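*Asks:* Sequence first, predicted coordinates after that:
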Amino acid sequence: EIKKIIKTEAGELLVRGPKFFDKFEKKQKETGKIEKVSYAFKMVFQSQEKTLTDEEVNEIMNKITEALNSKNAWEVR
């Protein structure tokens, strides 16, 4: 579901990925129960017409972040 949201929000400038590469589980010390799970993805953005600026890529990343944060109990950090 995460990959689907990323692809939808990133649009055509996402040329590779999202590729999942890491998972981290934070556990409670006392019980060992999982409190939070973090996932990491690699993405490559590219335009065939021009060099992308930081602002353009940041705008895409903000759209992705907003879409993921709108999911109940999800948080992009």
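*Replies:* Looks like it arrived, so ask away. Numbers count the residues shown, from 1 in each chain.
*Asks:* Following the longest strand along the chain in sequence, what is the next regular element?
*Replies:* In the chain, assigned by DSSP state E, the strand with the most residues is strand 14-27. As assigned by DSSP states H and E, the chain's next helix or strand after strand 14-27 is strand 34-45.
*Asks:* And the helix or strand just after that next one, what does it pack against?
*Replies:* Going down the chain from strand 34-45, the next helix or strand is helix 54-69, by DSSP H and E. Identification of packing neighbours for helix 54-69 by 3 or more C-beta pairs under 8 Å, 6 or more residues apart in numbering; DSSP states H and E yields helix 2-10. (Each C-beta comes from the backbone N, C-alpha and C, glycine too.)
*Asks:* OK, contacts around K63?
*Replies:* Residues near K63 by C-beta atoms under 8 Å, 6 or more residues apart in numbering: E9, A10.
*Asks:* And it, how close does it get to K7?
*Replies:* 12 Å (C-beta to C-beta, to the nearest Å).
*Asks:* same thing with V37?
*Replies:* When distance is defined by C-beta to C-beta, V37 is 21 Å away from K7.
*Asks:* between those two, who's got more neighbours?
*Replies:* Taking other C-beta atoms under 10 Å, V37 and K7 do not tie; K7 has more neighbours (14 against 9).
*Asks:* Pull the contacting residues for that one.
*Replies:* L14, P18.
*Asks:* Can we start the residue count at 27 from this point?
*Replies:* With 27 as the first residue, the last one maps to K33.
*Asks:* Check what pLDDT it gets.
*Replies:* pLDDT, K33: 96.
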